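Colleague: after the sequence you'll find the predicted model.
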Amino acid sequence: MQFKKYLPLLAVVLLPILAASQSTYLPRGDKQEILLDRLEIKAQRDPMLNLSKTKPYSREFYVPAIKNYLNVDSALDAKLTNVDKYYLKSALANNIEWLPEEERDAYMSKKLVGNTFYQYPAGLYETHSKDFDLTVNPVLNIGYMKESGNDQSLFYNTRGIAIRGRIAKKIGFYTMLTDNQERYPTYVQDWMNERTAVPGAGFNHQFKKEGGRDFFDARGYITFGATKYVDVTFGYDKNFIGNGQRSLFLSDFGNNNLFLRLNTRIWKFNYQNLFMELTNAYQSNPGDNLLGKKYAAMHHLDINLTKWLNVGVFEGIIFGRTNRFELGYLVPVIFYRSVERDQGSPDNAVVGMDFKANIAKTAQVYGQLLFDEFKISELTGGNNWWANKFGYQIGAKYIDAFTVKNLDLQLELNRVRPYTYSHYDSVANYTHYNQPLAHPLMANFNEWIGVARYRPAPKWMIEGRAMYYMQGLDSNRTVNFGSNIFLPSTTRTGGDYGHEIGSGWKTNAAMVSLLLSYELKENLFLELMGMIRKQRYDTPPAVATKNSTVFNVGLRWNIGRRDFYF
């Protein structure tokens, strides 16, 4: 009977032997994500691009899709701008391994560096043969910031390497290794001090003076196709579910985690199983002490109901065990509730629904609805029962807005009630490495986000962002009004009723930013940004307001932007 415990591990080991074709994935924050968003809306009825809620994107699926739209006979051709076509060609130049050999010459560099490097403009070193593909690139993100009223030297400094490839067209691999030193504006430092964490990072230590952090980031995975329709990925990285700026299901805001992902794409369905090992509350300077573990299992199923409408369902379980995974949660069939009840489970379960509709080939409306706990009788009673824990998102994208080519607008509302994502067991809350798994504000908030992006010409981008939120904060780590999901829900303040969004120490925060970006060469960006952030506490703590004005100049190469919009 002990053999059964090792069946999942045995499957991971043996499935590559039977593997079909495979794919690596587009890193989050890559410039190609903007192109894919626009193409999905313009095409409206593309069966591959419409299944876009689970990210990162699979190169195997999106590269053939965008290749079709470079055909001058394509019905979409008339709707593509010159900037769209530039980025279409750029996307193919970044994915040479997915092009037929006879088409690759058109993307070769006119002049190599040292007769070896940059054979293709998007890869420092590339080799492509019948049974082996390899692309190696440097990673760089350096910049200097100046904050009003702050005498500190603010900066970010990331250097590293990214490697991806395929073996015999059956096994794919990817890794990115970076060394990082940074000191960000005051509001980010405050967040780090409160959470004992660096947003998006894991273990870190102080770098030089106060406020500076130093950390090493290593992520990677292997991937293979178990069948024609099922992709398997095992690695240490991040995942995201949704079409918005935020996700109420699973975001990539926090640290990397160990995961096993099964993605089944067939007919009009896309079904993802995600199994993760997470880190419980992390204490600074742990020495050689093993950090406590907890685990998560998540399912997301979406279907193209029509050629323009996609709907989905989601469920997730966060559970703590003594360094073991609950094998019952390996069952890859949606819904977990039956498994939970049979085990007498005390675990933290969430469920949700989402949708996405492409309209008139110019707009997209999307949304998410998440339930943690609720009772219909209490929900309709109007008494703001504490355990009516839910949140929702509604958003819209408008491309080539008001007939202005390459102008894209997005507006999004996120609203999450107090105590959502928390649990009576402080281990089973919806967190990892002292950071939320979903929205960075955690709970007890209303948030509006607006984005305006304009690409006046190839290589140029102007992007403006605005954010406003109202949140009821917890006054400290012991008084619990429902925003700090790390606190057990049993420590809630004020009894069972009267808990509404904004309860607690109410704060209002607004942020606006303007980014100017120019692509010097393939995937190398020179960027200038200005940002103003204002925060006011209606029930003031020691400081009634926290305002910040920041100017930033940076150089970014083969890596996504690192932003802190919270």
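Modeller: Received the coordinates, thanks.
Colleague: from here on, contacts and neighbour counts on C-alpha atoms
Modeller: Will do.
Colleague: now the residue most central in space within the chain, what's its secondary structure?
Modeller: Centroid-nearest residue in the chain: D252, 3.1 Å away (criterion: C-alpha atoms, centre = their mean). What DSSP: H, G, I helix; E, B strand; the rest coil gives for D252 is coil.
Colleague: any idea which element the residue lying closest to D30 once chain neighbours are set aside lies in?
Modeller: Leaving aside its chain neighbours, D30 sits nearest to G560 (5.4 Å; criterion: C-alpha to C-alpha, 6 or more residues apart in numbering). Using DSSP states H and E, G560 falls within no helix or strand.
Colleague: for G560, what are its contacts?
Modeller: By C-alpha atoms under 8 Å, 6 or more residues apart in numbering, the contact list for G560 reads P27, R28, G29, D30, K31.
Colleague: one more: E500?
Modeller: So E500 contacts N384, R417, P418, N444 (C-alpha under 8 Å, 6+ apart).
Colleague: just the buried residues out of those residues, in ChimeraX syntax.
Modeller: Those of the contacts of E500 that count as buried under 16 or more other C-alpha atoms under 10 Å are selected in ChimeraX with:
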select :384,417,418,444
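Colleague: state the pair within the contacts of E500 that is farthest apart.
Modeller: By the measure C-alpha to C-alpha, N384 and N444 form the most distant pair in the contacts of E500, at 12.4 Å.
Colleague: so what's K130 closest to, chain neighbours aside?
Modeller: K130 sits nearest to A168 (C-alpha to C-alpha, 6+ apart), 7.0 Å away.
Colleague: again, but for E126
Modeller: Nearest residue to E126, sequence neighbours excluded (C-alpha to C-alpha, 6+ apart): T135, at 4.5 Å.
Colleague: if that neighbour is in a bridge, with which residues?
Modeller: Taking DSSP bridges as the rule, T135 bridges to E126, R164.
Colleague: okay, now it: neighbour count?
Modeller: 21 (other C-alpha atoms under 10 Å).
Colleague: before we move on, what about M442?
Modeller: 26.
Colleague: same question for M48.
Modeller: For M48, using other C-alpha under 10 Å, the count is 17.
Colleague: residues touching it, list them.
Modeller: Residues in contact with M48 (C-alpha under 8 Å, 6+ apart) are F61, Y62, A65.
Colleague: surely the second one meets N50?
Modeller: No: Y62 is not in contact with N50 according to C-alpha atoms under 8 Å; the separation is 10.4 Å.
Colleague: neighbour count for those two, which is higher?
Modeller: Neighbours around Y62 and N50, counted as other C-alpha under 10 Å, are more numerous at N50. The numbers are 25 against 17.
Colleague: just the element for the spatially closest residue to that one that is not a sequence neighbour, please.
Modeller: Nearest non-adjacent residue to N50, counting by C-alpha to C-alpha, 6+ apart: E40, 6.2 Å away. Here E40 sits within helix 32-43, counting by DSSP H and E.
Colleague: all the helices of the stretch 351-500 of the chain, residue numbers only.
Modeller: Counting by DSSP state H, counting those that start in this stretch, the stretch 351-500 of the chain has helices at residues 376-379.
Colleague: quick one: the strands in it, in order.
Modeller: Ranges of strands within the stretch 351-500 of the chain are 363-373, 389-398, 407-416, 431-432, 435-436, 445-454, 460-473, based on DSSP state E, counting those that start in this stretch.
Colleague: please work out which of these is packed deepest.
Modeller: Mean neighbour count (mean count of other C-alpha atoms under 10 Å) peaks for strand 435-436 among those, with a mean of 28.
Colleague: would you check that N384 makes contact with G498?
Modeller: Yes: taking contacts as C-alpha under 8 Å, N384 lies within contact range of G498: 5.0 Å.
Colleague: and the closest residue in space to A296 that isn't next to it in sequence, how many neighbours?
Modeller: Of all residues not flanking A296 in the chain, I318 sits nearest, at 4.5 Å (C-alpha to C-alpha, 6+ apart). Counted with other C-alpha under 10 Å, the neighbours of I318 add up to 23.
Colleague: and I318, what element?
Modeller: Assigned by DSSP H and E, I318 belongs to strand 309-319.
Colleague: that strand to strand 363-373, inter-axis angle?
Modeller: In terms of direction (axes from the mean of the first three to the mean of the last three C-alpha atoms, to 10 degrees), strand 309-319 departs from strand 363-373 by 30 degrees.
Colleague: pairing partners for strand 309-319, with directions?
Modeller: Using DSSP bridges, the strands paired with strand 309-319 are strand 293-304 (antiparallel), strand 348-359 (antiparallel).
Colleague: list the buried residues in that strand.
Modeller: L309, N310, V311, G312, V313, F314, E315, G316, I317, I318, F319.
Colleague: and which of the contacts of E500 is nearest to Q44?
Modeller: R417 (33.7 Å).
Colleague: may I ask you to confirm that H439 is in contact with S247?
Modeller: Yes: if you go by C-alpha under 8 Å, H439 and S247 touch, sitting 6.2 Å apart.
Colleague: how about the helices in the stretch 151-300 of the chain?
Modeller: Counting by DSSP H, counting those that start in this stretch, the stretch 151-300 of the chain has these helices, from start to end: 186-195.
Colleague: swap in the stretch 1-150 of the chain?
Modeller: Assigned by DSSP H, counting those that start in this stretch, the helices in the stretch 1-150 of the chain fall at 7-14, 32-43, 59-68, 82-93, 101-104.
Colleague: would you turn the ones you listed into TSV with distance to A75?
Modeller: What follows is those, written out as TSV (distance: least, C-alpha to C-alpha, whole Å):
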stretch	distance to A75
helix 7-14	42
helix 32-43	9
helix 59-68	10
helix 82-93	14
helix 101-104	22
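Colleague: ok, which of these comes nearest H300?
Modeller: With C-alpha to C-alpha as the criterion, H300 lies closest to helix 59-68 of these, at 18.4 Å.
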